[in-house]
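[1] Sequence first, then the predicted structure, then my questions.
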Amino acid sequence: MPASCVTLLDRVIVSPMEKALKIENLHKSYAGVAAVKNLDLEIEQGEIFGLLGPNGAGKSTIINMISGVSVIDSGRISAFGYDNRSQYRQTRRMLGVVHQEIVIDNFFTIEQALKMHAGYYGVEDDEPWRNELIDRLDLRPHLDKVMIKLSGGMKRRFMIAKALIHRPRLLILDEPTAGVDVELRHGLWDFVREINQRGTTILLTTHYLEEAEEMCGRIAIMNYGELVALEPTRDLVRRLSRRTLRLWLTRALAAVPAGLDAYHPRINGDGRQLVLCLPTEQGVGDLLHRLSELHLGIDDFETDQSHLEDVFLQLTREDRKG
Amino acid sequence: MSQFRPQGEFKTWLPFVTLLRKEILRFMRVASQTLLTPIITASLYLFVFGATLGERISVLEGFSYAQFVIPGLILMGIINNSFANCSSSLFMSRYLGGIVDLLVTPVTPPQFIMAYTLAAMLRGLLVGAVTWMISALFAELPWVWPGLAVLMAMLASILFAQFGLIAAIFAKNFDTLSMYTNFLILPLVYLGGVFYPISILPQPWSQLSQLNPLFYLIDGFRHAILGVGDISFARAFGVSLLLAGGLFCWTAWLIGTGKRLRS
């Protein structure tokens, strides 16, 4: 392709100050039912951002609107400062999307499809990068196979390679590990982390909440098309989680000792197990000291910190009740 | 080191070239279905009307029946295959979900339409060209205005490529898609003057046949090859051009707005 075919109109200039993704007052309905309600969301460059929510919360609808698969009813989406409707060519060149459903073209082999996909994005085949993706995603032994002959895990890996072939600045992963075995999942997340460290912003949805907790710096939780939480993962878990202190006592209790009401005490079993809830900001040492003042003999104890999964359930259940 | 591409490396026409190449590869990969089958069908028609019945029928003074029917058979191959290429490719993409692979890319609506149309034209014109070559075994055509004949053939393939895209966009399942072929294109082709000149029909059938858009394509194409037709070449070409333009505008609107492609 001659250099004259490179037009200035297509030039993308990305300021480091721009948000990787900015969603303003986004709304989408299907047959009169709101799937996404007036959503505002910003993702910084370089983040790994988790978009979580139960089935039907609107996550895939949001991703489809970002990537252009769905039409926006109202509101605005921009990526790196470019509007995804009026400047869709620039925006889409900066996005790589791994869809939840396996999308493949059975006519072509992995290698042909990867070269073709680079072309759709207007970039020539970059052999070293293509080879790196093929090797990192363990696709080399299957390069000459047509898609229909690939296993489910292989198809997932191919879809990730396909989404990265044009070197996007924002990689959108919609349930990329659904139906994928544990070993492959770990491998994929390691690769995603590495891609992120090299500068690509990541937006992911997953049902594996422990992975989201481990991977994502910030998390948004959606429910019924609405944002019910948006904050750094650690803050969210800390703010909403409860720590539990479980004590095995030297002698059975007939009743909860006075002065422990603030810890929501509960006596289990034969009276020798006392369960207390700790505010996240309070250390265990303080409470143990308080218990010794009450002359409670302690045989053993354990603490249990709730995780994102508990927070997620708490938020989505609360919202459902509300 | 940044893993992003240097700015300005984007090649505007590469998405179009890639999609066109993909569409051509797609039909070449299943050439036995997409090229061989229609060529065999056309050969059978040629054998029946050229070597057997054709000897006993005469519908146009100064020409054998084979000479009369061959232009219509060539155009029928072009029409059917241009339609089938666009309709099956786009509908399969919609049906299997592969269309999202295109919807998320910077391929523009004009590039999308051009790539699908050119691939369909190539398939249609290939089938037409081979049909013509085989027809040489049965009759020699005078090719009075070869340039105009090629122009009409291209117009027919453009028109039916657009129709194929529209059908693929509106079809809900394989049944509805095949209905376009079986209940619309096939009757229109058969009643549009492939096998007989509409001037031999009694009234009102002769007049009614002029409402058939296929009549203008077939008559114009035959006129350019044989030098005679039921209506003037200019009228046949003008109506065909208007139809192709109208369908192109409709396709452009559908693809541009993403109707039934983007949810």
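    In hand now; what should we look at?
[2] List the contacts of A:Asn268.
    By CB atoms under 8 Å, 6 or more residues apart in numbering or on different chains, the residues touching A:Asn268 are A:274-275. (Glycine included, C-beta is placed from N, CA and C.)
[3] Now residue 252: which helix or strand?
    No chain was given, so I picked chain A. Using DSSP states H and E, A:Ala252 is not contained in any helix or strand.
[4] wait, chain B
    Assigned by DSSP H and E, B:Ala252 falls in helix B:233-257.
[5] Leaving out sequence neighbours, find the closest residue to the closest residue to chain A within the stretch 1-150 of chain B.
    Proximity of the stretch 1-150 of chain B to chain A (CB to the nearest CB) peaks at B:Thr18, 2.9 Å away. Nearest residue to B:Thr18 in three dimensions, chain neighbours excluded: A:Gly119, at 2.9 Å (CB to CB, 6 or more residues apart in numbering or on different chains).
[6] So which elements touch the helix or strand harbouring the one you found?
    Per DSSP H and E, A:Gly119 falls inside helix A:110-120. On a contact count with 3 or more CB pairs under 8 Å, 6 or more residues apart in numbering or on different chains; DSSP states H and E, helix A:110-120 meets helix A:127-136, helix A:152-164, helix B:14-29, helix B:99-103.
[7] Just confirm yes or no for the shortest one near chain A.
    Yes. Using CB under 8 Å from any CB of the partner chain, we find that helix B:99-103 touches chain A at B:100-103.
[8] Count the residues that sit near the closest residue to chain B within the stretch 51-200 of chain A.
    At 2.9 Å from chain B, A:Gly119 is the closest residue in the stretch 51-200 of chain A, using CB to the nearest CB. For A:Gly119, the neighbour count with other CB atoms under 10 Å in any protein chain shown is 25.
[9] list the contacts for it?
    A:Gly119 touches A:125, B:14-15, B:17-19, B:21, counting by CB under 8 Å, 6+ apart.
[10] can you rerun that using 10 Å?
    By CB atoms under 10 Å, 6 or more residues apart in numbering or on different chains, the contact set of A:Gly119 is A:1, A:125, A:165-166, B:11, B:14-19, B:21-22, B:105, B:107.
[11] sorry, back to before: so the residue of the stretch 1-150 of chain B closest to chain A sits right up against B:Val107, yeah?
    Yes. Contact criterion CB atoms under 10 Å: B:Thr18 and B:Val107 qualify, at 8.4 Å.
[12] mind listing what B:Met76 touches?
    By CB under 10 Å, 6+ apart, the contact set of B:Met76 is B:38, B:41-42, B:45, B:69, B:127-128, B:131, B:156, B:185-186, B:189-190, B:192, B:194-195, B:214, B:218.
[13] three-state assignment of it?
    Recorded secondary structure, B:Met76: helix (DSSP: H, G, I helix; E, B strand; the rest coil).
[14] Ramachandran angles for A:Glu226?
    phi -120, psi 150 (degrees, to the nearest 10).
[15] what number of residues lie near the nearest residue to it once chain neighbours are set aside?
    Using CB to CB, 6+ apart and skipping residues adjacent in sequence, the residue nearest A:Glu226 is A:Lys37, 5.1 Å away. Neighbour count for A:Lys37, taken as other CB under 10 Å: 16.
[16] Let's see the pLDDT reported for A:Lys37.
    Listed pLDDT for A:Lys37 reads 92.
[17] Tell me the secondary structure of it, please.
    Here A:Lys37 is strand, with the state taken from three-state DSSP.
[18] give me every residue that touches it.
    Contacts here follow CB under 10 Å, 6+ apart; on that basis A:Lys37 touches A:25-29, A:58, A:222, A:224-227.
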